[in-house]
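1. One predicted model, sequence on top.
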Amino acid sequence: MSGYEARFKVWRGDVEGGGLEDFTVEVNDGEVVLDIIHRLQATQAPDLAVRWNCKAGKCGSCSAEINGRPRLLCMTRMSVFSREETITVTPLRAFPVIRDLVTDVGFNYTKAREVPAFVPPADLGPGEYRMMQEDVDRSQEFRKCIECFLCQDTCHVVRDHEENKPAFAGPRFLMRVAELDMHPLDAAGDTGLDRSRTAQDEHGLGFCNITKCCTEVCPEGIRITDNALIPLKERAVDRKYDPLVWLGAKIGRRSRDTP
Amino acid sequence: MSVVDRQEWDVVVVGAGGAGLRAAVEARERGARTAVICKSLFGKAHTVMAEGGIAASMGNVNSGDNWQVHFRDTMRGGKFLNQWRMAELHAQEAPQRVWELETWGALFDRTKDGRISQRNFGGHEYPRLAHVGDRTGLELIRTLQQKIVSLQQEDFRETGDHESRLKVFQECTVTRVLQEDRKVSGVFGYERESGRFFVLQAPSVVIATGGIGKSFKVTSNSWEYTGDGHALALLAGAPLLNMEFVQFHPTGMVWPPSVKGILVTESVRGDGGVLRNSEGRRFMFDYVPDVFKEKYAESEAEGDRWYDDPDHNRRPPELLPRDEVARAINAEVKEGRGSPHGGVFLDVSTRMPAEVIRRRLPSMYHQFKELADVDITAEAMEVGPTCHYVMGGIAVDSDTAAARGVPGLFAAGEVAGGMHGSNRLGGNSLSDLLVFGRRAGRYAAEYAAGRTAEGTRARVDDAQVDAAAAEALRPFSAEAQEPDAGPPENPYTLHQELQQTMNDLVGIIRREAEMKQALEKLAELRVRARRAGVEGHRQFNPGWHLALDLRNMLLVSECVARAALERTESRGGHTREDHPSMDRRWRPANLLCSLADPAGGAAGDPAATDPERGRIALERQTTEPIRPDLLALFDKEELVKYLADEELEGRSE
């Protein structure tokens, strides 16, 4: 095994403040950044705080920024860096720090609660659902999301403007709205809920100016912008300016989202 | 009196994987105010890593499937040591549990006529696993998570508070179940983020903490799998059942070293992957045991035909239950026919076009590409056995999931014992979570309602809270407690030594002398772990958390080693080199572990160091006879291979 000593800068601190701390640490063949963080814990910094779970890119716990770029620690191989390079590991910038590499991602759980749940069709019981694969494909892509929140972290609407947070759900949860809107059996419409309109009116879809940063950092390769956000924008606009919907509202036929 | 945050709930669920969340949904829907506690963030439990699918005999792909066939497969897989009533309930209720997920928004892969697709897996006679590519666990956990959110949205509309009836306490650890007389009165725990202690008072506690794999060095398990629930139950006085049965999944990654143990889903074999040794031979044909001889193909040609015509051919032996495949791989490597990095070759590239592999096994494709730089559509994977699942667990009542001996304690999922016997079939874990998670939630809610109605909810004893707080704080003053004993122990070092011990001495192949050696080493580690010390403060301190988890891993490891030493036969996940065959006389025997020394074996107490006087006492118990109508589902010739003589006599009467 061709071990070498790598130079690391790791952000350490808490809500009160902190800074980058220098470490020199052994690296072995085939390791990922998370292995190095674990070695630091076991040998030099036993109280270094980091979240992780599966170490296989499936749980989305070990999100951080490596050399300023949002990434999963467990899916970043050391071999992508040169041996001379100093590797900097910092916590997600869009969320408040708790300690070291661990941030308070509560924002995401708040937003998750604001998206109305799947509505099952009233006339079908369990076991009676029939859906074609080509119809579930679209929403299945979005259900690959491991909720690592890297897209939330990189989205400039959240990252650079704290004041946007109350009004803007962020790409992960706008994608969740799209997922439900495209779900072949979602019956939200029958209850008077227009999901694509709520994306615009309640979840801040208008803030998104499709720079595709979210898509770029997604470790699952989900095409968040092209397949979720843009179609959602199109549907929201279509409904708003659909002449039939407009006419229906004019001549007194209530639109579905009026209580 | 302790100054600790206290809250009052009806049901507390410890663990937020599939079983815990399903239990919580059920308890809340039955009117219980329910709290869920998990060590990670909500939605990150080990269940997300489950890949293959949920076993349920819906008969969507082969109409020959039904619950009786599923029951038979499960009993055979577990070598008849399953708690048969659990296997029966599981086979009967699994389809309902899968369909119910659809009504909560889950999107499974589809058949051509629009029903839920089902895939082949080892030990299952028909394609039976409802799945979503190879990320079924993620779909399961996300669906349950979203169901919880939908219930919280309902509560918000009614009460103005999302968390009035169902609350998730994420990133918290429970260290003790509190009791009054033996009855459950609540739990004691701490918030990982702040280090603050809390008590949740409740008459019912559901343990759904998963497994113990982090006691082994090569494991597919996440960091959370430190046997917490097993240990909490033991410490509360509930026995653990058949802890010797630990499943080594045949196919973990073996290269590069940093990913050693990470799982390669069994769907690779279910979808046509073949195992080869360094000589290019499909060696599994050499390892079909007698009890399965009639059910598996004898030649490569027959095995290959089975994929297209399963009704007229037998399955290839790559689809034997996991224990058989893991032992076969182990034997090939030991005989010097392994791959360059100490595994064997698993090849799917010669059997399926690249785009089919990418569609059916997207996460495997991704995992090998990113972590090992291997393109599985063009080359073989290198795989070897990895510690994956513990069949043993808290002894529970089959119908109600109630733990034996502790009123108010319930258990479901991997932490509960009995369902899988000596070896679990792939896909039976996700269905187990749903079936018994729901049952645990239901009976926990009923029990709590009963105590509330009677006005007999147990009270929290302040002395227990104080003791639990002192126990949790101990690692911060390890040095002060025995100043002459040298510097405190590093919890990371202790953990590594424990993992190495279990891997080397109580691993996939076991020998009497090695297990005795393991018990000595565990006794030594037990003494040293009392001096595990930590630096820094209580806020998000992983060294501290590990020091506390060590107590649980050591307890559970001792159970595994002691039970494995006792069972002098090879069956399922337990292989004794010195007793290589299955012994029918062991069929009706269960091994129960309980705490011998509830005081904990203080330093200087010989029980703390003497492996013969360990903390765990072992008891042999005769199993309940299998109900005759269930036995009638098998041929007499088959039963003769499994059942003890007295059981067979009982049957003919």
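-> All right, it came through fine.
2. Helix, strand or coil: sort out the residue lying closest to B:Gln170 once chain neighbours are set aside for me.
-> The shortest distance from B:Gln170 to any non-neighbouring residue, by Cβ to Cβ, 6 or more residues apart in numbering or on different chains, is to B:Phe42 (4.7 Å). For the C-beta atoms, the positions are set from N, CA and C on the backbone; glycine is no exception. With DSSP: H, G, I helix; E, B strand; the rest coil as the basis, the three-state label of B:Phe42 is coil.
3. count of residues packed around B:Phe42?
-> Neighbours of B:Phe42 under the rule other Cβ atoms under 10 Å in any protein chain shown: 20.
4. And the residue of chain A that's closest to chain B?
-> Nearest residue of chain A to chain B, counting by Cβ to the nearest Cβ: A:Gly30, 2.3 Å away.
5. Report the contact partners of that residue.
-> Residues counted as contacts of A:Gly30 (Cβ atoms under 8 Å, 6 or more residues apart in numbering or on different chains) are A:Arg77, A:Ser79, B:Trp255, B:Pro256, B:Pro257, B:Ser258, B:Val259, B:Ala372.
6. Spit out the contact partners of the first one.
-> Just to be clear, that refers to A:Arg77. Counting by Cβ under 8 Å, 6+ apart, A:Arg77 has contacts A:Gly30, A:Glu31, A:Val32, B:Glu370, B:Leu371.
7. Could you list everything it pairs with in the sheet?
-> A:Val32 (DSSP bridges).
8. ok, now how distant is B:Lys641 from A:His203?
-> Shown here: B:Lys641 relative to A:His203, a distance of 61 Å by Cβ to Cβ, to the nearest Å.
9. circling back: could you report the pLDDT at the residue nearest to B:Gln170?
-> In this model, B:Phe42 is scored at 97, pLDDT.
10. same check, this time on A:Thr258
-> Reported pLDDT for A:Thr258: 37.
11. sorry, back to before: could you pull up phi and psi at the residue nearest to B:Gln170?
-> phi -60, psi 120 (degrees, to the nearest 10).
12. thought it was touching B:Val168?
-> Yes - B:Phe42 is in contact with B:Val168 according to Cβ atoms under 8 Å; the separation is 4.9 Å.
13. Can you check which residues contact both of those two?
-> In contact with both B:Phe42 and B:Val168: B:Ala16, using Cβ under 8 Å, 6+ apart.
14. what's the helix or strand for B:Leu346?
-> strand B:344-347 (DSSP states H and E).
15. which residues sit against that strand?
-> Outside strand B:344-347, the residues that reach it (Cβ under 8 Å, 6+ apart) are B:251, B:264, B:268-269, B:273-278, B:283, B:329, B:332-333, B:337-339, B:379-384.
16. quick one: secondary structure of the residue nearest to B:Asn277 when sequence neighbours are not counted?
-> Among residues not flanking B:Asn277 along the chain, B:Arg337 sits closest, at 4.0 Å (Cβ to Cβ, 6+ apart). Per three-state DSSP, the local secondary structure of B:Arg337 is coil.
17. Any idea how many residues pack against B:Arg337?
-> Neighbours around B:Arg337, by other Cβ under 10 Å: 16.
18. Could you report the distance from it to B:Pro95?
-> 42 Å.
19. Could I get the pLDDT score of B:Arg651?
-> So B:Arg651 comes in at 58 (pLDDT).
20. what does B:Pro353 give?
-> pLDDT, B:Pro353: 93.
21. One more: B:Arg439?
-> 98.
22. Could you identify which of the contacts of A:Arg77 has the most neighbours?
-> Ranked by neighbours (other Cβ under 10 Å), these are led by A:Val32, which has 25 neighbours.
23. residues in contact with that residue?
-> A:Leu73, A:Cys74, A:Met75, A:Thr76, A:Arg77, A:Met78, B:Ser258, B:Val259, B:Leu371.
24. Which single residue of chain B approaches chain A most closely?
-> B:Pro256 (2.3 Å).
25. Look at that residue and say how many residues are nearby.
-> B:Pro256, neighbours per other Cβ under 10 Å, totals 20.
26. quick one: pLDDT of it?
-> For B:Pro256, pLDDT reads 86.
27. Now do the contacts for it.
-> Taking Cβ under 8 Å, 6+ apart, one finds A:Asp29, A:Gly30, A:Glu31, B:Leu371, B:Ala372 in contact with B:Pro256.
28. B:Val374 versus that one, what's the distance?
-> From B:Pro256 to B:Val374 the distance is 10 Å (Cβ to Cβ).
29. Pretty sure B:Arg528 sits against B:Glu489.
-> Yes - using Cβ under 8 Å, B:Arg528 is in contact with B:Glu489, at 5.0 Å.
30. So which of those two has more stuff around it?
-> More crowded of B:Arg528 and B:Glu489, by other Cβ under 10 Å: B:Glu489, with 22 against 18.
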